[in-house]
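> Okay, predicted coordinates and the sequence, questions at the end:
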Amino acid sequence: MKTVSSLLDEDWHQRYKRISKLNIRSSIYDVTNRCNLRCKGCFFFSSGEHEVAREEMDVRKWEAFVDRETERGVNLAILIGGEPTLCMDRIEAFYTRLPTFCATNGLIKVPRDRFPDMIVGISLWGDAEAEKILRGKDTFAVSSKNYEGDLYAYYLYTITPKQIGKTEHIIRRIEDVGLKVHMQLLSNDEGVDGFSWKPEELEDIRSEMDDVLDKYPDTIISSKYYHEIITTGKMMGRTFGWMECPSVTAPLDNREPHPKRLTNFIRWASDLQTMHRCCTSETRDCSSCKDGAAHMSWVMVNKRGHMRSTRDLQNWIEIYEMFAKLYQFIPW
Ligand code: SF4
Ligand code: SF4
């Protein structure tokens with residue numbers, strides 16, 4: 001029988017031991033139904049998730065809710081929305097109780113005297129031209145000033161087919177402002193013309209992502225296996241989709257047979273009672289889903305399948321490390 005020790009040398013075994021202790025238990029929270037942008041392709045607004053629940057306005061109820069989440073075993077709160085920075089008091093309810101990650105468009109700066117080491121993921125959808133088309137604004141011009149040199153912030157660069165051939169330029173700009181970057185792919189939930197992926201474009205972007213990772217290993221938080229998984233939607237001969245997805249809200253998950261999944265994962269709406277189906281759009285067709293975190297988690301919950309060979313297990317370790325770095329369970 002293949003065991004972890006028989007597959008890994010001492011270095012890799014140490015890396016394995018470091019992550020296997022982490023036991024990450026995440027859940028996702030819509031902090032607000034509002035945003036100061038309206039991006040074309042935003043899964044939150046395009047699926048009507050901003051209308052399914054009335055926002056809880058009493059911060060004491062948020063505090064009590066987070067206490068209950070902590071008791072439920074959550075050890076990583078992922079804050080999304082809407083735009084969480086419109087509600088700093090709600091962010092604080094999480095931050096003072098739990099390791100917290102805040103996704104933001106970066107237009108409002110998280111005050112570092114109040115949230116000194118909170119991890120901030122700043123969304124970026126391409127160069128200024130693409131951002132103006134999709135988001136109505138060149139957000140980088142603002143967010144890069146707000147977060148230049150910030151040790152606890154990184155860019156979440158959503159790559160679209162229009163970015164092929166342009167990613168290096170973006171990565172360099174991010175490096176120049178002293179930040180890290182993680183790459184993911186647009187799912188184009190609103191079918192914006194020219195922004196849906198064709199198979200040959202996915203092949204091109206995979207090789208481009210591999211190239212920039214080779215050139216900027218200190219700036220990009222990624223792995224080539226992750227690039228393979230998100231561009232092919234395949235892992236060990238299996239195809240990503242509804243019956244494989246690990247990021248489905250546990251109490252709503254009635255799939256049979258049960259796939260391997262995140263333990264006790266829930267995505268909560270901002271009324272603190274309603275649950276959404278999964279970590280992303282309520283209405284997205286799973287066969288077109290490119291969600292980066294769901295693909296990463298897909299790998300992470302399938303360790304046993306990766307014990308086929310040394311390379312497979314190393315791939316699994318690299319993706320786990322990447323996830324742990326993105327939420328600062330281990331340093332960059
Ligand atoms: S900034 Fe984020 S939440 Fe706001 S509209 Fe854009 S994608 Fe949606
Ligand atoms: S849309 Fe994506 S994240 Fe949501 S259930 Fe489907 S595959 Fe999973």
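Here it is on my side, so go on. Ligands and ions are numbered 1, 2, ... in the order given.
> So residue 11 lies in a helix, does it not?
Yes. Residue 11 forms part of a helix when assessed by DSSP: H, G, I helix; E, B strand; the rest coil.
> Can you pull up the most central residue in this protein?
The centroid of the chain falls nearest to residue 293 when counting by C-alpha atoms, centre = their mean (4.2 Å).
> how near is the nearest residue to that one once chain neighbours are set aside to residue 210?
Leaving aside its sequence neighbours, residue 293 sits nearest to residue 279 (C-beta to C-beta, 6 or more residues apart in numbering; 6.0 Å). The C-beta positions use only the backbone N, C-alpha and C, and glycine is treated the same way. Distance, residue 279 to residue 210, using C-beta to C-beta, to the nearest Å: 26 Å.
> Comparing those two, which residue is more hemmed in?
Taking other C-beta atoms under 10 Å, residue 279 and residue 210 do not tie; residue 279 has more neighbours (25 against 16).
> residue contacts, the more buried one?
In this structure, residue 279 makes contact with 28, 247, 265, 267, 291, 293-294, judged by C-beta atoms under 8 Å, 6 or more residues apart in numbering.
> Using a markdown table, lay out those residues together with pLDDT.
Formatted as a markdown table, those follow (pLDDT from 0 to 100):
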| residue | pLDDT |
| --- | --- |
| 28 | 98 |
| 247 | 97 |
| 265 | 97 |
| 267 | 98 |
| 291 | 96 |
| 293 | 96 |
| 294 | 97 |
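> Enumerate the residues of this structure near ligand 1.
Within the chain, the residues that sit near ligand 1 (C-beta under 6 Å from any ligand atom) are 35, 37-39, 42, 44-45, 81-83, 105, 123, 135.
> picking that back up, hmm, the helix or strand hosting the residue nearest to the centre of the chain touching ligand 2?
According to DSSP states H and E, residue 293 maps onto helix 292-300. Yes. Using C-beta under 6 Å from any ligand atom, helix 292-300 reaches ligand 2 at residue 294.
> Next SSE downstream of that helix?
Later in the chain than helix 292-300, the nearest helix or strand by DSSP H and E is helix 310-326.
> Check the burial of the closest residue to residue 180 other than its chain neighbours by counting its neighbours.
Nearest residue to residue 180 in three dimensions, chain neighbours excluded: residue 154, at 4.0 Å (C-beta to C-beta, 6+ apart). Burial measure for residue 154: 24 neighbouring residues, criterion other C-beta under 10 Å.
> For residue 154, which three-state class applies?
Assigned with three-state DSSP, residue 154 falls in the strand class.
> shouldn't it be in contact with residue 326?
Yes. Residue 154 is within contact range of residue 326, at 7.4 Å (criterion: C-beta atoms under 8 Å).
> Need the residues touching each of the two.
Counting by C-beta under 8 Å, 6+ apart, the shared contacts of residue 154 and residue 326 are 119, 121, 182, 221.
> tell me the contacts of whatever residue of the stretch 51-200 of the chain ends up closest to ligand 2?
Nearest residue of the stretch 51-200 of the chain to ligand 2, counting by C-beta to the nearest ligand atom: residue 187, 7.9 Å away. Counting by C-beta under 8 Å, 6+ apart, residue 187 touches 41, 43, 280-281, 284, 288-291.
> If we check ligand 2, which of those residues are in contact?
Filtering the contacts of residue 187 for neighbours of ligand 2 using C-beta under 6 Å from any ligand atom leaves 280-281, 284, 289, 291.
> What is the end-to-end distance of stretch 177-193?
Between the start and the finish of stretch 177-193 there is a gap of 32 Å, counting by C-alpha to C-alpha, to the nearest Å.
> hang on, I meant stretch 131-150
Using C-alpha to C-alpha, one end of stretch 131-150 lies 22 Å from the other.
> how about it: buried residues?
Using 16 or more other C-beta atoms under 10 Å as the test for burial, stretch 131-150 gives 131, 133-135, 137, 139-140, 143-144, 146-147, 150.
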